[in-house]
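**Q** how would this look folded up:
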Amino acid sequence: MAEDFRALIVDKNDSGVQASIRRLTDVDLMPGDVDVRVEYSTVNYKDGLAVMGRPGVIRKYPLIPGIDLAGTVTASRNGAYKVGDRVLVNGWGLGETHHGGFAERARLEAAWLTRVPNNMTARDTMAVGTAGYTAALCVLELIAQSVIPASGPIIVTGAAGGVGSVAIVLLASHGYHVIALTGRPEEGDYLRDLGAKEIMPRAELEVDVKSLAKERFAGAVDSVGSKILANILSMTKAGGTVTACGLAAGIDLPATVAPFILRGVRLSGINSVYEPAAKREKAWAMIAQHLNRAKLAEMTQEIALEGVAAVAKNILAGKVRGRTVVKLSA
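**A** Numbers count the residues shown, from 1 in each chain. Below you'll find the predicted structure:
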C-alpha cells in the first residue's frame, strides 16, 4: 500500500473555490521523471492569489498550489539526477497547471529542476523563492543594460515585500544607491537595515502621470505596475532601464512613449516562470554569492502548512514583510 502524504489542495465546485489540507498518495501525483521529498516551499504573491481563489493563476482543478519547492530526489528516471540530489524548482507551471510545492512530495520533469547551490540549504532557497529569484533576474538585467552604481539611484517598489526586500539587499551588495518605495512608513528601519539609502512614500508616485518628469532614477525594480510604473518611466534618466516583474497595483500602464523616444529609456519585462536553465543558474549564482544570509534570516518567517491560508490572505492585503517559508518535511 502506498504511503500517504499531506498536501494543500485547491478545488472548485458550485460553492466556489476552496483550499483544504488532505492526505494523498503517489497515485495522485502528476506525470514526471523525478520524485522529490519536498522539505520547504514559500508563499509568493501569486500563491496568495491561488490559495484565496482569485482567478488567473490555477488553470485546472483540483490542484496543489505553490510555485516554488526545494527538497531531495527520492527516485529518478532521468540520468541527469540521482537519489539524494538536492534540488529546487521555480515556476514552470507549478501551482498553475502542475501540482506545486504545498505538499510533502512532488513528481516533476527533470528539465524543471535547478541544483541547490553548495553553500545554501533548501530552507535558504525557499527564503529566497521565486520572489528573490525574480529580484536577481531584475538586477542581472540592470547590469546587462550597463546601469551601474555610478549611473545613479535605483528605485525599488513594493520594497517591504518579497521581491523588493531581496532586490534591495542584492543592489546594495553591488554598491547601488537604493531608494525604497513603500506605503508602509513603519517599515523604514527594516528597509534601511536591508541596505536602502532613502525611503520614498508610495503616495509620491500615485499622482497623475506626466509624459516626462524630472529625471530622478537610473533604473528600477518594479513589482507593482500601473500608475506607479508609469510615473517611474517618466522620471527615469536618459539611457536608464526599468525592470517590470509584477502587477500588484494593476495590469494597466497609463504611460506615453515620451520616455522611450526622447530619453531612450528601456522597459525590460522579467518573466521568471520559463527562463532557460543557464539564466536560472546565473541568477542563483548571484544569490549564493551576494545575498547576505543574516539579512535573509531577518526578512524570513517560517510557518507550517496549516498557516499558508492566513499568510495568503495577508500577502494580498499588503501586510506581509519579506519572505515566508513553509516547512513540509525534515
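
**Q** near the closest residue to residue 149 other than its chain neighbours, how many other residues are there?
**A** In space, and not counting its chain neighbours, residue 149 is closest to residue 175: 4.2 Å by CB to CB, 6 or more residues apart in numbering. Bear in mind the C-beta positions are built from the backbone N, C-alpha and C, glycine included. Using other CB atoms under 10 Å, residue 175 has 9 other residues around it.

**Q** ok, residue 175 to residue 47 distance?
**A** Applying CB to CB, to the nearest Å, the value for residue 175 to residue 47 is 33 Å.

**Q** one more: residue 148?
**A** Residue 148 is 34 Å from residue 47, by CB to CB.

**Q** out of these two, which sits in the busier spot?
**A** Just comparing residue 148 and residue 47: by other CB under 10 Å the higher neighbour count belongs to residue 47, 31 against 14.

**Q** test my guess that that one contacts residue 64.
**A** No. Judged on CB atoms under 8 Å, residue 47 makes no contact with residue 64 at a distance of 10.9 Å.

**Q** now the common contact residues for those two.
**A** 95, 102 (CB atoms under 8 Å, 6 or more residues apart in numbering).

**Q** show the average pLDDT along stretch 138-157.
**A** Stretch 138-157 shows a mean pLDDT of 98.

**Q** break the protein into its domains for me.
**A** 5-116+299-327, 130-269 (automatic domain parsing).

**Q** now the ones you listed in JSON lines, with distance to residue 277?
**A** Output for the domains of the chain, formatted as JSON lines (distance: least, CB to CB, whole Å):
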{"stretch": "domain 5-116+299-327", "distance to residue 277": "7"}
{"stretch": "domain 130-269", "distance to residue 277": "13"}
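
**Q** quick one: buried residues of the lengthiest helix in the chain?
**A** In the chain, taking DSSP state H as the definition, the longest helix is helix 122-144. Within helix 122-144, the residues that count as buried by 16 or more other CB atoms under 10 Å are 122-142.

**Q** tell me where the model's unsure across this protein.
**A** For the chain, applying pLDDT under 70 flags the ranges 1-2, 330.

**Q** what segments of it are helices?
**A** If you assign secondary structure with DSSP H, the helices in the chain sit at 45-51, 122-144, 162-173, 188-194, 226-235, 258-262, 277-290, 293-298, 308-316.

**Q** quick check: which of these is buried the most?
**A** The highest mean neighbour count among the helices of the chain, using mean count of other CB atoms under 10 Å, belongs to helix 162-173: a mean of 28.

**Q** rewinding a little: I'd say the residue nearest to residue 149 and residue 143 touch.
**A** No. Applying CB under 8 Å as the test, residue 175 and residue 143 come out as separate, 11.4 Å apart.

**Q** for residue 237, what are its contacts?
**A** Residue 237 is in contact with 151, 152, 215, 216, 217, 218, 263, 265, counting by CB under 8 Å, 6+ apart.

**Q** now with 10 Å, please.
**A** Neighbour list for residue 237: 147, 151-153, 214-219, 259, 263-265 [criterion: CB atoms under 10 Å, 6 or more residues apart in numbering].

**Q** cool, and residue 201?
**A** So residue 201 contacts 181, 182, 183, 184, 185 (CB under 10 Å, 6+ apart).

**Q** can you count the residues close to the third one?
**A** This means residue 183. 17.

**Q** and if you look at the first one?
**A** Taking other CB under 10 Å as the criterion, the count of residues near residue 181 is 27.

**Q** in contact with it, which residues?
**A** 155-160, 164, 191, 196, 198-205, 220-222, 224, 228, 232.

**Q** one more pass at 7 Å, please.
**A** Counting by CB atoms under 7 Å, 6 or more residues apart in numbering, residue 181 touches 155, 156, 157, 159, 200, 202, 205.

**Q** what do you get for the second one?
**A** The neighbourhood of residue 182, defined by CB under 7 Å, 6+ apart, consists of 159, 160, 191, 199, 202.

**Q** in strands, which of these fall?
**A** Mapping the contacts of residue 182 onto strands (DSSP state E) picks out residue 199.

**Q** one step back: and the residue nearest to residue 149, how far is that from residue 102?
**A** In terms of CB to CB, residue 175 sits 38 Å off from residue 102.

**Q** that'll do, ta.
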